[in-house]
Structure formats: structure tokens, C-alpha cells
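S.K.: A predicted structure for the sequence below; I have some questions about it.
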Amino acid sequence: MSTPYQDIAAKHAAFNTKARQRLQQTEFMTSAPTFRLCPPDEGLEVAFAGRSNAGKSSAINALTNQRQLARSSKTPGRTQMINFFSVGDTDTRLVDLPGYGYAAVPLEMKKEWQVELEEYLVSRASLAGLVLLTDIRHPLKFFDEQMLHWAKDGELPVHILLTKADKLKYGAAKNALLHTRQELKKLGLSCTIQLFSALKKDGIDELAGVMGNWYQYPLDDELNNNDKAAE
Ligand SMILES: Nc1nc2c(ncn2[C@@H]2O[C@H](COP(=O)(O)OP(=O)(O)OP(=O)(O)O)[C@@H](O)[C@H]2O)c(=O)[nH]1
Ligand SMILES: [Mg+2]
């Protein structure tokens, strides 16, 4: 199904029913205060990152079609723990990272967290992709760029969501998408990018398609071909 916001790298947007079905079976696994205490580095993991209040928890709830799976809040900095969710089985995980850029967090803690985050992005073997969420009204702030550079260092694929796209008219949202694409090009970063609204539930199929690709789920076409081969 096409949504008004459907505009990401076409190869990733392939219709992936399995990804959407599996994502709806997502369950809370565990919370960890530091990466040292997180589940074993096995299977495949996709992490959601972004500034505080960017809409990470809301996006996870919309994607999984669950109202309260990840707690969203009007108070920035709500998610302070690293939250792990299992997607279908425990070897396939979704991770809600604490939001960065929250002014009330002491500087020392921020620095510690940044070192950990870089280490996680660069060396977590099971991390198959990073979904970076950034508010469409002020996308790609300093720390977002920092995240993108770490991901590049770790050769980690990144998919960017321009969140809260419902806050802009369609034309303005499209312009923001084009502009951010150009910015990424200037920075020498190759990521896929899309418009997203958790409120309107727009952009979910595209996101599920990208994640299904990272989780190595077969696409509908491949399933059909396998069925035909088996006949
Ligand atoms: N209009 C609109 N508001 C949204 C959307 N997504 C999230 N919000 C609002 O933005 C605020 C923050 O959303 P969260 O999902 O809690 O953000 P977060 O990134 O998880 O925040 P932290 O956990 O603090 O890092 C809440 O008031 C949400 O209702 C959206 O698509 N459209
Ligand atoms: Mg949150």
C-alpha cells in the first residue's frame, strides 16, 4: 500500500509482509542501564536513536501496532534505559536507545554515554542497522551528525526517519526531505531516508520493509518464487 509519504530508496521499499507481521509480535524483553548489561551479542538487532523527544517510542509503538509497548511522553528524556524488545523471537531484537541532547542530564553522564554509544555502534556484531529519528522541523542536529559518522565508521547501514511529518503541509515536508538528502550528500553520508508520522501512521510499510531487509526476512517475491519452485 502506498502512503503519501512513500519516498525512500526503492530497493528497500519492497513489499515485505513477513516484516510487518513479525513486527506486530514484538514483545518487551529487558531494560539495561548500560551496554555492558545488555543481552548477548547474538542474532540480529536494529536500534532506534535520536534526540530526546524526536519520537522514537511513538515510532516503535506505531510500527508494532501496540499502544504502550515503548512509553512515549511529553517530557523529554523519558527513556533513560536501553530497552530491548524481541521481534518474533529473541534472536531478532529492536532496541530503543535513550534520547540524546537532553539539557538536564549532567555533562559527565553525557560524556560517559557518548563513549558507550560510539562503542555500541562501532562494535556490536548483532547490530544490523540504525534507524535515526530526527524531527522534520529541525533535522540533523550536531549529535545526529555525530551518530551518522560513528555509524559510517562501523559500516553500519542507517535509515533516517523525518518524524512528525504531519506537522508540515505535504509540499513543505517533501522539501524538507529533499533538503536533508542534499545535506547528507554534502556530508558524504549515504543513508536511506523517508518521511514518517506516528500520529497519522504514515511511513510504516516503508520502515518495515527496510527493517525486514536488515533482519534478512525473505521478500514476498522470494517467497512466491520458492513456492513455485516447490510445486
Ligand atoms: N504530531 C506528532 N507528534 C508526535 C509524533 N510522534 C511523537 N510525537 C510526540 O512527540 C513527543 C515525544 O515523543 P516520544 O515518542 O516520547 O519521543 P522519544 O524520542 O521516545 O523521547 P525520549 O524517550 O525522551 O528520548 C510526544 O508528545 C509525542 O506524542 C508524530 O508523528 N506526530
Ligand atoms: Mg522514548
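M.R.: Received it, and whenever you're ready, just let me know what you need. Residues are numbered from 1 along each chain as shown. Ligands and ions are numbered 1, 2, ... in the order given.

S.K.: Skipping its backbone neighbours, what lies nearest the closest residue to ligand 1 within the chain in space?
M.R.: Proximity of the chain to ligand 1 (Cβ to the nearest ligand atom) peaks at G99, 2.3 Å away. Backbone N, C-alpha and C define where each C-beta goes, glycine included. Of all residues not flanking G99 in the chain, S52 sits nearest, at 3.2 Å (Cβ to Cβ, 6 or more residues apart in numbering).

S.K.: what's the answer for V122, then?
M.R.: G154 (3.9 Å).

S.K.: what bridges to the residue nearest the centre of the chain?
M.R.: Centrality entry for the chain: nearest residue to the mean C-alpha point is V131, 2.4 Å, by Cα atoms, centre = their mean. Taking DSSP bridges as the rule, V131 bridges to F48, H159.

S.K.: Please verify my assumption that it contacts A54.
M.R.: No - contact criterion Cβ atoms under 8 Å: V131 and A54 do not qualify, at 10.7 Å.

S.K.: quick one, helices of this structure?
M.R.: Using DSSP state H, the helices of the chain run over residues 17-23, 56-64, 107-123, 142-153, 170-186, 204-214, 220-230.

S.K.: Put together CSV for these, with distance to F85 on each row.
M.R.: Below are the helices of the chain laid out as CSV (distance: least, Cβ to Cβ, whole Å):
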stretch, distance to F85
helix 17-23, 10
helix 56-64, 7
helix 107-123, 16
helix 142-153, 20
helix 170-186, 27
helix 204-214, 12
helix 220-230, 24
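
S.K.: Would you reformat those as CSV and include mean pLDDT?
M.R.: As requested, these are exported to CSV (pLDDT from 0 to 100):
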stretch, mean pLDDT
helix 17-23, 85
helix 56-64, 94
helix 107-123, 82
helix 142-153, 91
helix 170-186, 95
helix 204-214, 91
helix 220-230, 64
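
S.K.: just to revisit the earlier point, run a quick neighbour tally on the residue nearest to G99.
M.R.: When neighbours are counted by other Cβ atoms under 10 Å, S52 registers 20.

S.K.: just checking, it touches Y100?
M.R.: Yes - counting by Cβ under 8 Å, S52 touches Y100, with 6.7 Å between them.

S.K.: Can you check the pLDDT for L189?
M.R.: Note on L189: pLDDT of 91.

S.K.: For L94, which non-adjacent residue is closest in space?
M.R.: L94 sits nearest to F85 (Cβ to Cβ, 6+ apart), 4.4 Å away.

S.K.: For the one you found, the count of nearby residues, please.
M.R.: Using other Cβ under 10 Å, F85 is surrounded by 23 other residues.

S.K.: Next, find the distance separating the residue nearest to V122 from L195.
M.R.: Going from G154 to L195 by Cβ to Cβ, to the nearest Å gives 26 Å.
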